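Visitor: Structure for this input, please:
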Amino acid sequence: MNLSSERLCAFSAYVFVLLFGIGFWPLGGFIPPPSPGWTAAEVAAFYQHDTNLLRLGLLLMMTACGAALAFYGAISGQMLRIRSASPTLAYVQLAAGVMTQVLIVLPVMIWTAAAFHPERDPALTLLLHELGWLMLIMPFFGAMVQNIAIALAILADRSATPLFPRWAAYFNFWTALLFVPGGLITFFKAGPFAWNGILAFWLPFVVFFSWFLLMPALVLRAIDKPNSAH
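Guide: You can find the predicted model right below:
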């Protein structure tokens, strides 16, 4: 195993957090999230204000997703070292992680299309805007499957020196569960289950980025553990 490459891939999670965070908030202006109740005129004004800054933020968000893919590879590499766990779990984690990033890139590109011609009919801009938010928040299944696969692999590790602590499995189970409320945003335009609500956005948002800060530290620690024990 090339440990330097493994560590680089694990560290790329922090690159994702940095680039995506900068693009999403100070540049893109998506924090706090715009209300689902915004009119077409309000949405059009959002894309017409500091449009180039918004475009730069979206570009950073898209770029960040490449770093996340490298991190998912690092997770799978460590999961495959757990001999008592099915290797299928590592492949499921990687496939689900890739799907999650695709479902992040797609809304970013949809918002980019909205910002490409901000002077277009506000009704069309509203359509693109809403499609992007629905696509970003609602498809929780990829991240949920990814977290469950990681958790099952960790619990299957029966070695004397497990690669990951058992509490990390329960953390991943809870992370998977807390993504589920995002699936309900199709029914709500206000309240905790709206795309800017506490349960559909803020809680999953905090959990998502907490996961991206905690898991690379655990992966880096696992990389340094001897392979013979597993």
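
Visitor: Can you name the residues that contact residue 101?
Guide: Residue 101 sits next to 65, 68, 69, 72 when contact means C-beta atoms under 8 Å, 6 or more residues apart in numbering. (Each C-beta comes from the backbone N, C-alpha and C, glycine too.)

Visitor: In CSV, list those along with distance to residue 115, pLDDT and neighbour count.
Guide: Supplementary listing: these in CSV, determined by distance: C-beta to C-beta, whole Å; pLDDT from 0 to 100; neighbours: other C-beta atoms under 10 Å:
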residue, distance to residue 115, pLDDT, neighbour count
65, 18, 96, 18
68, 22, 97, 22
69, 24, 97, 17
72, 28, 98, 22
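
Visitor: These in helices, which ones?
Guide: Here DSSP state H is the test, and the contacts of residue 101 give 65, 68, 69, 72 as lying in helices.

Visitor: thought the first one was touching residue 103?
Guide: Which is residue 65. No: counting by C-beta atoms under 8 Å, residue 65 does not reach residue 103; the two are 10.0 Å apart.

Visitor: show me the residues around the nearest residue to residue 223 once chain neighbours are set aside that make contact.
Guide: Ranked by C-beta to C-beta, 6 or more residues apart in numbering and with sequence neighbours excluded, the top spatial neighbour of residue 223 is residue 6, at 4.8 Å. Contacts for residue 6 (C-beta under 8 Å, 6+ apart) come out as 74, 77, 78, 223.

Visitor: and these, which are buried?
Guide: For the contacts of residue 6, burial is judged from neighbour counts taken by 16 or more other C-beta atoms under 10 Å, and it is met by 74, 77, 78, 223.

Visitor: okay but residue 35 is in contact with residue 196, surely?
Guide: Yes: Residue 35 is within contact range of residue 196, at 5.9 Å (criterion: C-beta under 8 Å).

Visitor: Closest one of the ones in helices among the contacts of residue 101 to residue 213?
Guide: Closest approach between these and residue 213, by C-beta to C-beta: residue 68, at 12.9 Å.

Visitor: Next one: the closest one from residue 145, what distance?
Guide: Note on residue 68: its distance to residue 145, by C-beta to C-beta, to the nearest Å, is 16 Å.

Visitor: now residue 216
Guide: Look at residue 216 and residue 145: by C-beta to C-beta, they are 20 Å apart.

Visitor: Same check on residue 108?
Guide: Distance of residue 108 to residue 145, given as C-beta to C-beta: 22 Å.

Visitor: The residue nearest to residue 223: which element?
Guide: Element membership of residue 6, judged by DSSP states H and E, is helix 3-22.

Visitor: And the next helix or strand past that helix?
Guide: Heading C-terminal from helix 3-22, the first helix or strand you meet, by DSSP H and E, is helix 40-48.

Visitor: Which elements pack onto that following helix?
Guide: Contact partners of helix 40-48 among helices and strands, from 3 or more C-beta pairs under 8 Å, 6 or more residues apart in numbering; DSSP states H and E: helix 122-137.

Visitor: Check which helices and strands the helix it packs on sits against.
Guide: Here helix 122-137 touches helix 40-48, helix 87-116, going by 3+ C-beta pairs under 8 Å, 6+ apart.

Visitor: Check those for me and report the most buried one.
Guide: Highest mean neighbour count among the helices and strands packed on helix 122-137 (mean count of other C-beta atoms under 10 Å): helix 87-116, with a mean of 19.

Visitor: Residue 35 and residue 196 - which one has more neighbours?
Guide: residue 196 (23 against 14; other C-beta atoms under 10 Å).
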